[in-house]
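> requesting a structural model of the entry that follows:
(chains A and B)
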Amino acid sequence: MDYGLKPLGREKLWLWLMLVPTIIGLVFGTIGSLFATLGLSLFDWDLINPPTWVGTENYVALFQNKNYIEAFVNTLKFSALYVPGVVVISLLLAVLLNRKIRGVGIFRTIYFLPTVTSAVATALVWNMIYGKETGILNFMLETLGFAPICWLCTNNAMMSVVIVNIWGAIGEGMIIFLAGLTAIPRDYYEAASLDGADNFQQFFRVTLPLVTPSIFFQTLISAINAFQAYDYIYMLTRRGQGDSSVPVAVYSIYRNAFHFFRMGDASAQAIQLALLVGVFMAIMFWWERHYVVYE
Amino acid sequence: MSRSFYKTILDFLAYVLLVIGALTMLIPFVWMISVSLRLPAEQFSRNIIPDPFTLKNYTDLFKDLPNQAFLYLTYNSFKLSLLSVIGQVLTCAMAAFVFAIVKFKGRDFLFALLVATLMIPPQVSLIPDFIIFKYLGLIGTQWPLILPAFWGGAFGTFLLRQYFLTIPRDLVDAARMDGASLFDIFWRVYMPLSKPAVAALSIFVFKDAWNDLLHPLVYLPTDMQQTTLTVGLAFFQQQLQAGGKFTVLMAGAFLSIVPLLIIFFIAQKQFIEGIALSGVKR
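Numbering: from 1, shown residues only, chains lettered A, B, ... in the order given. Prediction:
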């Protein structure tokens, strides 16, 4: 790109002054701390005694640490349920709302509400809704003649937490897909209609291929959110001892760093999380090159 | 069967699906408000309409929690969220302007580097940042939540740059002819013309800061005069549930989302356009 205003004389200084905060952020906030975390992961350090060099021991230990493996597997399970859930439901919503029907604005507002409100506040009420003896969800099940479910017990907690997270995320996905859908030229549908394509054929032959950029974007965002899911899990599955019935990777990082002050272990886990994100992104960008249709 | 009949059925089904979905989305909010308006004895009642109806939980929230905790929590959340907005808007806008408009060596590299940091999960910087703030003696103060807002960020810079690029270049040339400096062009031409994008970014930043749980949990003491609403509510969850006071807890939860609901209803358009802007224009 060769657009641009040429800075005159002293303005060179201004230019860099305007960039100072961003550069500080890169050094301390993101890139610098990536290297710092990488470095810390090679030490044992409790913040009190001097750090001791352990090399790759922390990484080796991760694979023998049952708690960490459980947390890592939970993160993968959570993502495998959450990402398709969010993408499919929000795409379906957007398709349903991208038509001339009454009350589109009201629907859009309602579906978007959980995206705006804090996970902490809504988790408090979900906790009540999921109550085994007193919750309204089990009340509804019993009214319909089903047996009550212990929603937040160890067996079901994962599913319950995924449901709440999807509930909290489809509003944003819906907006992304609506933006993608309205960008599809109407002529395409008219042409398809003239060729005798019915609604379903139009959806699979016209809509779906042309929203692949939005699907790509939304899958990426949802997966990154899934790998970092924390708030609802903390609020819904936290137990008396401070541990969780569905520990995930971020939970494990947080506990190791700020409860047990095992900075080396926590750093190694953070690096693993970053690697997971990196590998996933590489796969997604490969997929983008082969399957995403840009006009 | 005729085509229009088929279409009517389909429209009807779509409508039913949307209404059922909307009710599911709303139930938690309705239930939150409903429980917050009941007497504690009625907290597990299955009636949506509170009977008898009471506002006592809301007054209890301010009276019963020790040392006016709820007022402090609300004040802290407002203060930290507003400071985050100011910091992010200022520092991201400056960087976005430079990246969008000014020509200098290393610009494209620096911008690519910044965008690449979007891929680094924030948990990675949590540990080194904690250690730095510990050495600066700032753990237990609100500074670790304020300072990072003033060091820019990939998302905000990217969002504003996208918008700046849509502003006609003629304006820059005209301002240049009138002898305007770089900073003048930024402050007097670009910022006033970018109100929609600035509004969108402000809303995002406010929302994220207001709803943040992890960072206040790490940096702030669990002292109800120092910490934020999210941490406070999580703390009271354990206390109030044990004391069987779900009603007061729901009143607190509802009050904590009111500011965001108000902002959302006023600025829904910016909110939604902001998300679309971040997702579509690449």
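> for chain A, what's its nearest residue on chain B.
Closest to chain A within chain B is B:Lys103: 2.7 Å, counting by CB to the nearest CB. From N, CA and C alone the C-beta is placed, and that goes for glycine too.
> quick one, strands of chain B?
Ranges of strands in chain B, per DSSP state E: none exist.
> low-confidence ranges in it?
B:1-3, B:242, B:277-282 (pLDDT under 70).
> could you check how far A:Pro84 is from A:Ile224?
15 Å (CB to CB, to the nearest Å).
> any chance you could map the helices in the stretch 101-250 of chain B?
Along the stretch 101-250 of chain B, the stretches classed as helices by DSSP state H, counting those that start in this stretch are B:107-116, B:123-135, B:143-146, B:154-164, B:170-177, B:182-184, B:191-193, B:195-211, B:214-219, B:229-242, B:246-266.
> in a markdown table, list the ones you listed along with distance to A:Ile166 and mean neighbour count.
Output for the helices of the stretch 101-250 of chain B, formatted as a markdown table (distance: least, CB to CB, whole Å; neighbours: other CB atoms under 10 Å in any protein chain shown):
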| stretch | distance to A:Ile166 | mean neighbour count |
| --- | --- | --- |
| helix B:107-116 | 28 | 15 |
| helix B:123-135 | 22 | 21 |
| helix B:143-146 | 29 | 19 |
| helix B:154-164 | 23 | 23 |
| helix B:170-177 | 44 | 13 |
| helix B:182-184 | 46 | 18 |
| helix B:191-193 | 38 | 14 |
| helix B:195-211 | 18 | 21 |
| helix B:214-219 | 21 | 21 |
| helix B:229-242 | 21 | 20 |
| helix B:246-266 | 19 | 21 |
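> give the contact list for the spatially most central residue of chain A.
Centroid check for chain A by CA atoms, centre = their mean gives A:Asn225 as the closest residue, at 1.4 Å. A:Asn225 makes contact with A:82, A:169 under the criterion CB atoms under 8 Å, 6 or more residues apart in numbering or on different chains.
> in what helix or strand does it lie?
Using DSSP states H and E, A:Asn225 falls within helix A:212-227.
> low pLDDT regions in the stretch 101-250 of chain A?
For the stretch 101-250 of chain A (pLDDT under 70), the answer is none.
> ok, 90 please
Scanning the stretch 101-250 of chain A for pLDDT under 90 picks out A:101-105, A:108, A:116, A:131-134, A:154-155, A:175-176, A:179-214, A:217, A:221, A:238-246.
> any idea how many residues pack against A:Phe204?
11 (other CB atoms under 10 Å in any protein chain shown).
> quick one, phi psi at it?
phi -80, psi -30 (degrees, to the nearest 10).
> distance of it from A:Ala192?
Distance from A:Phe204 to A:Ala192, by CB to CB: 11 Å.
> OK, contacts around the residue of chain A found nearest chain B?
As assessed by CB to the nearest CB, chain B sits closest to A:Gly4 within chain A, at 2.7 Å. Residues near A:Gly4 by CB under 8 Å, 6+ apart: B:101-104, B:107.
> weed out the non-buried ones from those residues.
Buried members of the contacts of A:Gly4, counted by 16 or more other CB atoms under 10 Å in any protein chain shown: B:101-102, B:104, B:107.
> closest one of these to A:Phe280?
Using CB to CB, B:Arg107 comes nearest to A:Phe280 of the buried ones among the contacts of A:Gly4, at 29.5 Å.
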